[in-house]
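Student: Have a look; sequence and predicted model below, questions after that.
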Amino acid sequence: MQYKRILLKLSGEALMGEKQYGIDPKRLQEYAIEIKQVIEQDIEVAIVIGGGNIFRGVAGASNGMDRVQGDHMGMLATCINGLALQSALEDQGVQTRLQTAIEIKEIAEPYIKRRANRHLEKGRVVIFGAGTGNPYFTTDTAAVLRAIEVNADAILKGTRVDGIYNEDPEKNKNAIKFNNITFKDVIEKGLKVMDMTAFTLSEENKLPIIVFDMNKKGNLLKLVSGEQIGTVVDNK
């Protein structure tokens, strides 16, 4: 296997499937099956999910809401998504733990680095909810931070696009895809991979980011098996 421990970053919007908002049970089940296949290869999996399918703090702030309040609502949205994914994984027989950066002890463990590592060592999927626990930080930043803390080999960013392009491939069918690109080139070309805080943190800690199409069946397993799937961003 290409990796021993990965952090999978999923957007909240990905959980909508064909719906306009909320959570699509069919898409949840598909993701759970994909993740189970990876776990069966003895790869340790941590997950960070966004909350954009339910609420975005930035959107709330643009409509006059206090940004801090909005971001706290967004954190709770990620916990809802985390609970949904946890349920879907357990339906597939995968042991999971949900850890949150804000304390909700009735439904999840508080985030504790050593405990998270222990769960991963035992083959449990650990889902990190509530971002970093702080307003003004995205779930991208939370994903990179948690990946560094648990010593993940890479961040796998599952999207609906099969990698990074020089232009939006959904708008320009002639857009050119990159198989490999450096952090420096991403910045110079102005490509949007993650927010700048998350991206810089990943670059400084030499943590590669792989952007791939999570919605294509079998892609996740192929990626961790060493196949060229998506786009790799690193320091090389």
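Tutor: On my side now, so go ahead. Residues are numbered from 1 along each chain as shown.
Student: What residues does the closest residue to residue 193 other than its chain neighbours make contact with?
Tutor: Once flanking residues are discounted, residue 193 sits nearest to residue 186: 5.7 Å by C-beta to C-beta, 6 or more residues apart in numbering. Bear in mind the C-beta positions are built from the backbone N, C-alpha and C, glycine included. Going by C-beta atoms under 8 Å, 6 or more residues apart in numbering, residue 186 touches 164, 193, 199, 233.
Student: and the two most separated of the residues you listed?
Tutor: Within the contacts of residue 186, two members stand farthest from each other by C-beta to C-beta: 164 and 199, at 11.9 Å.
Student: Now for those two: what residues contact both?
Tutor: 186, 193.
Student: neighbour-wise, which of these two wins?
Tutor: residue 164 (28 against 21; other C-beta atoms under 10 Å).
Student: hey, what's the more buried one bridged with?
Tutor: Beta bridges link residue 164 to residue 178 when assigned by DSSP bridges.
Student: roughly how far apart are it and residue 71?
Tutor: 27 Å (C-beta to C-beta, to the nearest Å).
Student: what do you get for residue 131?
Tutor: 8 Å.
Student: Residue 217 now?
Tutor: Taking C-beta to C-beta, one finds residue 217 at 34 Å from residue 71.
Student: Just give me how far the lengthiest helix in the chain sits from the chain centre.
Tutor: In the chain, with assignment by DSSP state H, the single longest helix is helix 67-91. How far helix 67-91 lies from its chain's middle: 13 Å, per C-alpha atoms, centre = their mean, to the nearest Å.
Student: State the mean pLDDT of it.
Tutor: Across helix 67-91, the average pLDDT comes to 95.
Student: Over to stretch 142-161?
Tutor: On average, stretch 142-161 scores 96.
Student: In which helix or strand does residue 45 reside?
Tutor: Residue 45 is part of strand 44-49, with elements assigned from DSSP states H and E.
Student: quick one: strands adjacent to that strand?
Tutor: strand 5-10 (parallel), strand 125-129 (parallel).
Student: Among those strands, which comes closest to residue 154?
Tutor: Taking those one by one with C-beta to C-beta, strand 5-10 is closest: 5.8 Å.
Student: Name the residues of stretch 104-124 that come out as buried.
Tutor: Residues 104, 108-109, 111, 116-117, 119-120, 124 are the ones in stretch 104-124 that count as buried (16 or more other C-beta atoms under 10 Å).
Student: Apologies, that question was intended for stretch 140-151.
Tutor: 140-148, 150.
Student: ok, the closest residue in space to residue 61 that isn't next to it in sequence to residue 3 distance?
Tutor: Among residues not flanking residue 61 along the chain, residue 67 sits closest, at 4.1 Å (C-beta to C-beta, 6+ apart). According to C-beta to C-beta, residue 67 stands 36 Å off from residue 3.
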